[in-house]
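1. This is a predicted model, with the sequence first.
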Amino acid sequence: MAKESPLVYRTRNGKQHSYIQKESSVPPSKAQTAHRKFFGKVTSIVNAIMADPQQVAEWNERRLAYNKTLISDPVAKRYKTTRSYVHFVITTQLAQKEATKRRRKPVSKALPKGLKLHVKHFAELTTTELYELLKARFSVFYSEQNCRYLDMDDIDYKAIHLALHRKGRVIAYARIFPSDNPKQWLLGRLLSLERGKGLAQYIMEQAEIVAAQQGATELFLHAQTQVVAFYEKLHYQTEGNIFIEADIPHVMMKKELSA
């Protein structure tokens, strides 16, 4: 039989609410546990963003821009507060990530047949190879993720490009490049056009080997918040607070490379 506990206070949209929390002897179901874990994750990300005034200002601009796009749709929901809009965006992103994970098949450790790994400096890329890797980056970051930024940022010139090819087409890709500290390299533009086959993890492992061969002892990356768990499985650790890059929440992550 449920029993009542003292008042519990929660802050929602800047206002404090109080209610009596009922405790039950019946353990939560798996669905309830997953639901609580999901929204706990959402809340932690939202709270981290709202604690940074600069990010609050950036997200408020995004909220206003989003509301303007709904002028012709009287039924669509408009967000009156920055927190409610951030909560909506983060919830949507994480829900999409969870849905993708549920659709995936078990990852095979063996690299599929017909794939070849190319590791090249920019000057070594052929015109076709450059075209294919840019096409893959456009497909994922611009078409899928709706990122509005200049993908060709001049970093490609100093980067080492790792790409898995099948019949000349880029299936998975990442680039690594040195920072001001030659011992610290950065990884970016990681993508896979065939999800659930372990290709992104394979590219990551190869990138770490190549970076170590170049004298790097640490590898850094900017991880989208919804895929932090993927990098954590590869032993990357979070550093610093959440920040906005290409209109998407990111966090810096780092891994020590073995000699």
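-> Alright, I've got the coordinates.
2. Now do the helices in the stretch 1-150 of the chain.
-> In chain order, the stretch 1-150 of the chain shows helices spanning 30-50, 53-68, 82-103, 127-137, with DSSP state H, counting those that start in this stretch as the criterion.
3. Mean pLDDT, mean neighbour count and distance to residue 152 for those - can I get that in CSV?
-> All C-beta spots, glycine's among them, are computed from the backbone N, C-alpha and C. Formatted as CSV, the entries for those read as follows, by pLDDT from 0 to 100; neighbours: other C-beta atoms under 10 Å; distance: least, C-beta to C-beta, whole Å:
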stretch, mean pLDDT, mean neighbour count, distance to residue 152
helix 30-50, 85, 14, 29
helix 53-68, 88, 14, 24
helix 82-103, 75, 16, 25
helix 127-137, 93, 15, 7
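4. right, so of those helices, which gets closest to residue 212?
-> helix 127-137 (22.6 Å; C-beta to C-beta).
5. what does the closest one contact?
-> 118, 120, 125, 151-152, 161, 163, 165, 168-171, 173, 189, 191, 193 (C-beta atoms under 8 Å, 6 or more residues apart in numbering).
6. So which of those residues is surrounded by the most neighbours?
-> Going through the contacts of helix 127-137 with other C-beta atoms under 10 Å as the criterion, the one with the most neighbours is residue 173, at 25 neighbours.
7. Residues in a beta bridge with that one, which ones?
-> Using DSSP bridges, the beta-bridge partners of residue 173 come out as residue 163, residue 191.
8. List the residues that contact it.
-> Contacts for residue 173 were tallied using C-beta under 8 Å, 6+ apart; they are 133, 136-137, 161-164, 189-191, 203.
9. ok, 7 Å please
-> 133, 136-137, 162-163, 189, 191, 203 (C-beta atoms under 7 Å, 6 or more residues apart in numbering).
10. re the thing from before, let me know the closest of the contacts of helix 127-137 to residue 213.
-> Ranking the contacts of helix 127-137 by separation from residue 213, with C-beta to C-beta as the measure, puts residue 120 on top at 13.9 Å.
11. So residue 248 is in contact with residue 224, correct?
-> Yes. In this structure, residue 248 sits in contact with residue 224. The criterion is C-beta atoms under 7 Å, and the distance is 5.5 Å.
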